[in-house]
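Trainee: Just need the structure, nothing else, for what follows:
(chains A, B and C)
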Amino acid sequence: MFDLLSKVRDINPLVLHYTNEVTINDCANITLALGASPLMSYSYEELEEIIPLASSVVINIGTMNSSHIDLFLKAGKIANKFNKPVVLDPVGAFATKSRALLVEKLINEVKFDVIKGNSSEIKYIGGFDVNGKGVDSFEEDENIDDIIKKVSKKLECVVVATGKVDVITDGVKTIKVYNGSSKLKSITGTGCMSASLIGSYLGASENKLEAASMGILTMSLCGELADKGNIGIGSFKVSLMDNIYNLNEETLNKFSRVEVF
Amino acid sequence: MFDLLSKVRDINPLVLHYTNEVTINDCANITLALGASPLMSYSYEELEEIIPLASSVVINIGTMNSSHIDLFLKAGKIANKFNKPVVLDPVGAFATKSRALLVEKLINEVKFDVIKGNSSEIKYIGGFDVNGKGVDSFEEDENIDDIIKKVSKKLECVVVATGKVDVITDGVKTIKVYNGSSKLKSITGTGCMSASLIGSYLGASENKLEAASMGILTMSLCGELADKGNIGIGSFKVSLMDNIYNLNEETLNKFSRVEVF
Amino acid sequence: MFDLLSKVRDINPLVLHYTNEVTINDCANITLALGASPLMSYSYEELEEIIPLASSVVINIGTMNSSHIDLFLKAGKIANKFNKPVVLDPVGAFATKSRALLVEKLINEVKFDVIKGNSSEIKYIGGFDVNGKGVDSFEEDENIDDIIKKVSKKLECVVVATGKVDVITDGVKTIKVYNGSSKLKSITGTGCMSASLIGSYLGASENKLEAASMGILTMSLCGELADKGNIGIGSFKVSLMDNIYNLNEETLNKFSRVEVF
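Mentor: Residues are numbered from 1 along each chain as shown, chains lettered A, B, ... in the order given. Here you go, the predicted structure:
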């Protein structure tokens, strides 16, 4: 699946984002770094016109901006109408009722191709117990493999649970990514940016499991490569972008630690 | 008070921000760099639910986004209801009547624990004359010590006036921070980020004067340490984040220039 | 015209932005890097008060945020009322009817001093055919010189068309900037930031053609200087900011490749 990287760079897919205000700049830059084109809109007026132009759509509920709640829902439905692959990042789904309610609506009314969250978010969406704190809860769970398979079958989409080991499944086949760096949790937006990467690969491949896995692998591997010695998080973020921009199949072949089940 | 740094890293307080769109990403990253967890929301719906989860709340009126004016007010009141420490950054309070009016309302209807501004903002809030330009006015004033003490007593909270020398007071005890770099004014958001640092320390300490002082000292000292030779402001910003991430008590003991009155 | 740089640093103009949420932080930082002061507002309430304080106003429709569409229009009109120079960045004007409609309204109801776009945007505004993709379309056109002259005469303002060669005209005199780097398209916001630079120079000069040309030259030259070897785009962005901060007349004289027609 490593050849997806050059496909992204050849095809240059247009990744339309409906996302939060915190990491919107990082999401645009990482999309460009990979070789795709980012497009960000907060406009109700142009939904019907702009979604047909996109290769894929990423929906991230991050700051739960009251002005954008309906925008997220409408964007998802219109993406379905035009058969555009849609990625959901249900940030902090378990943290408040408003988030839970919006995510429930999104899942009920929109058919997502990929749902990406940390393990707490994915467990919550699947109806499992969660002990979360804020929107950045990361907890390891030994049953996460079984849980995300169930969630994937229930929601009929590819599910990604990020964590120390990232797990991606389409309900039948499961891919695990062992690359990573603890520093990826020390800068904001690496989760959001992973969704942008998934959106970029989805714009270049029909194989959703591979697209999602490549998005996660790209972030986890480049984070690992950027984490040299006592690097501070300012330099780490710069190096993360550099590593994604310079990523090639040789590096993927040499350093990826991925297992398929 | 230097041991507050390790307390932040142990406790990992959740710092909830209602802030501007310009520096929201920097505020999240600096909160992470210090060792706390940032949370940003623009949602009216989740106010009552998300504020109880927070360790502290930071309110910054930066861009005066018309959609968020009531959000700031409500967030402040609910923070009071749940006894969460609240920091106010009254950006450009003196620049327009709308800002002055909002700040007046905030101060009248919300009990703040710390108000942090540049000396012009603090003087204006205290009812003194101001010759400001835009929202970034920095002017030195020889009577600033007396003025902020009066403002502190009047508003019954810790007051921070940033400038060449930063002055922090609870109305009785005053702390001055002599560290700093002129480059801190050459990147956007160092004021906003200082409020995030204060919020982080407030989430780890009952002593508000110390928490506010540590927030200011962290920014001023790390700015000073980042300002090496002819460094440009792109590199300076990266190095500022690195220095905050790598800050420890040894560095605080060695380089801090602080006086208590 | 290279002496405009030191004028910006002496005068320190206040550049008021009504802009998108993606690149708002970068726009603020590049304004500071050049030596001007940025101010960002999303407030309807303070329009009449804050625009008189500004040296120039930049309007960028980037994300087409539904809440800000009227804000852009009102800001433009009030800027005219107070005789403040106004720059328009009509991002993706050709991409959707909503964008086209807003740009049409803006151009009909506001007298702009400078309109800056990529060649597709400028051609569209002038009523020429466009084959655009998303909002970042860059296409070369051999007739661009004639086209932008016509657009400039029609709209009675300075027009900038960015591309491999940047072309700036007041309808009579045309300036071409041959500096640049392909990496400027690999980070988000270099177009938006160019408008901030133009706004900064406009705040320091009556000569709009020179101000617009210096804004474009500053970006293209500093991009060229930042593009060393195999630099990744994280490092490139940092170096771009450093180069703008450290730019001086000597560097402008030595490396600028500009022609006047």
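Trainee: Need the nearest residue in space to the one residue in the stretch 101-250 of chain A that gets nearest to chain B, chain neighbours excluded.
Mentor: Of all residues in the stretch 101-250 of chain A, A:Gly232 sits closest to chain B, at 2.6 Å by CB to the nearest CB. Using the backbone N, CA and C atoms, a C-beta is placed for each residue, glycine as well. Distances taken as CB to CB, 6 or more residues apart in numbering or on different chains place B:Asp242 nearest to A:Gly232, at 2.6 Å, with adjacent residues excluded.
Trainee: Specify the angle between the helix or strand hosting that neighbour and helix C:233-246 in degrees.
Mentor: If you go by DSSP states H and E, B:Asp242 is part of helix B:233-246. Per axes from the mean of the first three to the mean of the last three CA atoms, to 10 degrees, the angle that helix B:233-246 makes with helix C:233-246 is 120 degrees.
Trainee: Low-confidence stretches in chain A?
Mentor: Along chain A, the model assigns pLDDT under 70 to residues A:129-142.
Trainee: Tell me which stretches of it form strands.
Mentor: With strands called from DSSP state E, chain A shows them at A:14-18, A:37-40, A:56-60, A:86-89, A:114-118, A:158-162, A:166-169, A:174-177, A:258-260.
Trainee: Including mean neighbour count and distance to chain B, could these go into JSON lines?
Mentor: Putting these into JSON lines (neighbours: other CB atoms under 10 Å in any protein chain shown; distance: least, CB to the nearest CB, whole Å) gives the following:
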{"stretch": "strand A:14-18", "mean neighbour count": "27", "distance to chain B": "14"}
{"stretch": "strand A:37-40", "mean neighbour count": "25", "distance to chain B": "13"}
{"stretch": "strand A:56-60", "mean neighbour count": "28", "distance to chain B": "13"}
{"stretch": "strand A:86-89", "mean neighbour count": "29", "distance to chain B": "15"}
{"stretch": "strand A:114-118", "mean neighbour count": "28", "distance to chain B": "13"}
{"stretch": "strand A:158-162", "mean neighbour count": "28", "distance to chain B": "16"}
{"stretch": "strand A:166-169", "mean neighbour count": "26", "distance to chain B": "20"}
{"stretch": "strand A:174-177", "mean neighbour count": "21", "distance to chain B": "22"}
{"stretch": "strand A:258-260", "mean neighbour count": "14", "distance to chain B": "28"}
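Trainee: what's around the residue of chain A found nearest chain C, how many residues?
Mentor: Using CB to the nearest CB, the single residue of chain A nearest to chain C is A:Asp242, 2.6 Å away. Counted with other CB atoms under 10 Å in any protein chain shown, the neighbours of A:Asp242 add up to 22.
Trainee: What separation is there between it and C:Ser235?
Mentor: Look at A:Asp242 and C:Ser235: by CB to CB, to the nearest Å, they are 6 Å apart.
Trainee: and if you look at A:Ile147?
Mentor: Look at A:Ile147 and C:Ser235: by CB to CB, they are 40 Å apart.
Trainee: Could you do A:Val151 as well?
Mentor: A:Val151 sits 39 Å away from C:Ser235, going by CB to CB.
Trainee: My guess is A:Met64 contacts A:Val103. True?
Mentor: No. The pair A:Met64 and A:Val103 fails to qualify as a contact (CB atoms under 8 Å) at a distance of 10.4 Å.
Trainee: close enough to count as contact, the residue of chain A closest to chain C and C:Ser239?
Mentor: No. Applying CB under 8 Å, one finds A:Asp242 not in contact with C:Ser239, separated by 11.4 Å.
Trainee: Overlap in contacts, these two.
Mentor: Between them, A:Asp242 and C:Ser239 share these contacting residues under CB atoms under 8 Å, 6 or more residues apart in numbering or on different chains: C:Ile231.
Trainee: State the number of residues packed around the residue nearest to A:Ile51 when sequence neighbours are not counted.
Mentor: Leaving out its chain neighbours, the residue that sits closest to A:Ile51 by CB to CB, 6+ apart is A:Ile78, at 4.8 Å. Residues lying near A:Ile78 (other CB under 10 Å) number 19.
Trainee: mind listing what A:Ile78 touches?
Mentor: A:Leu47, A:Glu48, A:Ile51.
Trainee: Disregarding flanking residues, what is the spatial nearest neighbour of the most centrally placed residue in chain A?
Mentor: Geometric centre of chain A, nearest residue: A:Ala195, 2.1 Å, by CA atoms, centre = their mean. Spatial nearest neighbour of A:Ala195, excluding adjacent residues (CB to CB, 6+ apart): A:Asp89 at 4.3 Å.
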